[in-house]
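Trainee: How does the following fold in three dimensions:
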Amino acid sequence: MIQEVLPVSRFSGTVTVPPDKSISHRAALFAALSEEESTIENYSDAADPQSTLACLRQLGVSATQAGDRVVIRGVGRDGFTIPEQPLDCGNSGTTMRLLGGIVAGAGVSCTLTGDESLSARTMKRIMDPLLEMGCRIRGREGRFAPLTVDRHKGVKEISFPLPIASAQLKSAVLLAGLFGEKPTEVVEKVQSRDHTERLLGLRCEPSPAGTVIRSSREDVIPAQNYRIPGDFSAASFWLAAGSILAGSELTLRNVGMNPTRTAALQILEEMGADFRVINQRSEGREPVADIEVRSAKLRAVKPDPSLVPNCIDELPILMVAMCFAGGSSVISGAEELRHKETDRLSAMEEILRRAGASVEAKPDGLVIHGRTDFRPLGAEYPTWHDHRMAMSAAILASASDKPSLIQGAECTAISYPAFWDHLTFLSQ
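Mentor: Below is the predicted model:
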């Protein structure tokens with residue numbers, strides 16, 4: 001599908017952002033591992049979390065959905081059945097990595113598959129520690145899906161220093177550790193998203209080497225009865241949109257404010273963005289708030305690389321905002337973007353160049369020479385079937401004074417099915 005994006009003079013209005021994808025995945029997976037029934041409200045209807053539900057059903061888990069409410073009858077650690085067909089994770093790396101940790105720890109004989117994009121992403125990072133734990137898992141060429149899991153002789157405890165700040169890798173190891181008699185520990189030097197340890201109530205202790213997070217069969221897996229917060233990553237598109245177009249005023253409702261997810265707010269604040277966090281509250285174990293944002297004159301920044309793990313998904317739209325910031329912004333420490341749905345550093349370089357922005361590529365980031373009077377060219381933007389590329393290009397194109405085209409625009413359904421409707425609704 002090719003989507004035309006027309007020039008927007010300003011953004012205005014109120015929008016409730018879609019449910020958090022990361023938390024939706026985890027809520028469903030952890031509910032299945034519990035021995036109780038869970039009721040999850042505001043579950044995401046995006047393609048990726050729906051892939052997680054479909055895989056759980058194949059494993060014998062009762063997961064019924066009515067509207068945005070999902071009821072899951074937990075089967076406990078040892079209640080999964082062997083699926084008759086491969087578990088299709090679709091485009092969802094979170095499904096493959098987290099569910100991979102669970103079925104490998106449980107010793108459920110199965111195969112995990114995915115679409116062409118997912119099958120091109122390496123799974124070696126989770127395979128290596130899982131093999132060290134005594135799990136039996138193998139992949140195509142030793143690193144790619146399909147992944148085949150077999151029964152094992154027991155999960156061995158390990159101490160695993162996290163080599164990169166990756167919540168998915170951390171979660172895969174901890175979830176497999178839930179099946180071990182003795183505690184497995186993950187040592188995290190740079191904090192990544194902490195939804196897994198929050199929602200499972202895992203033990204976390206500071207140490208000279210970093211935060212130590214432990215899991216074992218001793219951990220009682222709680223029912224997951226709560227309302228999913230709005231997705232901060234989705235909100236970031238409107239935070240940028242509201243900042244770059246003069247006269248814009250937006251209110252974003254029900255935004256998840258987990259401190260391990262909101263580094264983009266810190267970067268936008270350093271850029272001079274005008275926003276206000278209001279109505280702070282909690283949904284289950286997660287903080288939530290509303291955010292008001294108004295247009296502002298932005299300035300260039302050089303974000304501390306230590307912030308990158310907690311804004312890795314928001315970096316593409318931050319790059320768009322940097323085009324409108326006076327001076328040269330420098331992003332470093334973002335090499336992980338090369339291993340997402342596409343090489344997001346190369347993809348964003350191409351998108352920004354097509355818009356007429358001045359950009360320089362680096363192995364681990366980009367240098368963006370922004371201007372406060374920047375006006376993007378009308379252009380046709382590729383998306384590489386990557387939802388974040390499509391939405392970033394759309395916000396960029398909105399600031400042009402000429403129409404633009406977004407290729408493969410349907411890929412936004414991976415994380416934000418209502419994105420195009422919301423873009424129309426908020427455009428003036």
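Trainee: show me where the chain has helices.
Mentor: Counting by DSSP state H, the chain forms helices over residues 21-33, 47-58, 93-106, 116-119, 124-132, 167-177, 195-200, 232-244, 263-270, 315-323, 344-354, 387-398, 419-426, given from the N-terminal end onward.
Trainee: need those in a markdown table with mean pLDDT and distance to T372, can you?
Mentor: (Each C-beta comes from the backbone N, C-alpha and C, glycine too.) Shown next, in a markdown table, are the helices of the chain (pLDDT from 0 to 100; distance: least, CB to CB, whole Å):
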| stretch | mean pLDDT | distance to T372 |
| --- | --- | --- |
| helix 21-33 | 97 | 33 |
| helix 47-58 | 97 | 36 |
| helix 93-106 | 98 | 37 |
| helix 116-119 | 94 | 36 |
| helix 124-132 | 97 | 41 |
| helix 167-177 | 97 | 35 |
| helix 195-200 | 96 | 37 |
| helix 232-244 | 98 | 10 |
| helix 263-270 | 97 | 15 |
| helix 315-323 | 98 | 10 |
| helix 344-354 | 98 | 16 |
| helix 387-398 | 98 | 16 |
| helix 419-426 | 98 | 22 |
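Trainee: Of all those helices, which one is nearest R143?
Mentor: Distance to R143, taken as CB to CB, is lowest for helix 124-132 among these, at 3.9 Å.
Trainee: what's the domain layout of this structure?
Mentor: According to automatic domain parsing, the chain comprises the domains 3-19+229-426, 21-212.
Trainee: which residues in the stretch 151-300 of the chain form strands?
Mentor: With DSSP state E, counting those that start in this stretch applied, the stretch 151-300 of the chain shows strands at 159-161, 184-188, 203-207, 210-215, 226-227, 249-256, 274-283, 286-294, 298-299, listed in chain order.
Trainee: Those into JSON lines, with extra columns for mean neighbour count and distance to L268?
Mentor: What follows is those, written out as JSON lines (neighbours: other CB atoms under 10 Å; distance: least, CB to CB, whole Å):
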{"stretch": "strand 159-161", "mean neighbour count": "15", "distance to L268": "32"}
{"stretch": "strand 184-188", "mean neighbour count": "23", "distance to L268": "25"}
{"stretch": "strand 203-207", "mean neighbour count": "11", "distance to L268": "28"}
{"stretch": "strand 210-215", "mean neighbour count": "20", "distance to L268": "26"}
{"stretch": "strand 226-227", "mean neighbour count": "18", "distance to L268": "26"}
{"stretch": "strand 249-256", "mean neighbour count": "22", "distance to L268": "13"}
{"stretch": "strand 274-283", "mean neighbour count": "13", "distance to L268": "7"}
{"stretch": "strand 286-294", "mean neighbour count": "20", "distance to L268": "9"}
{"stretch": "strand 298-299", "mean neighbour count": "20", "distance to L268": "8"}
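Trainee: between those, which one is nearest to G74?
Mentor: Closest approach to G74 among the strands of the stretch 151-300 of the chain (CB to CB): strand 226-227, 14.9 Å.
Trainee: sorry, back to before: nearest to I221, of the domains of the chain?
Mentor: Put simply, out of these the one that sits nearest I221 is domain 21-212, at 4.6 Å, with distance taken as CB to CB.
Trainee: so what's R69 bridging to?
Mentor: The residues listed as beta-bridge partners of R69 by DSSP bridges are A66.
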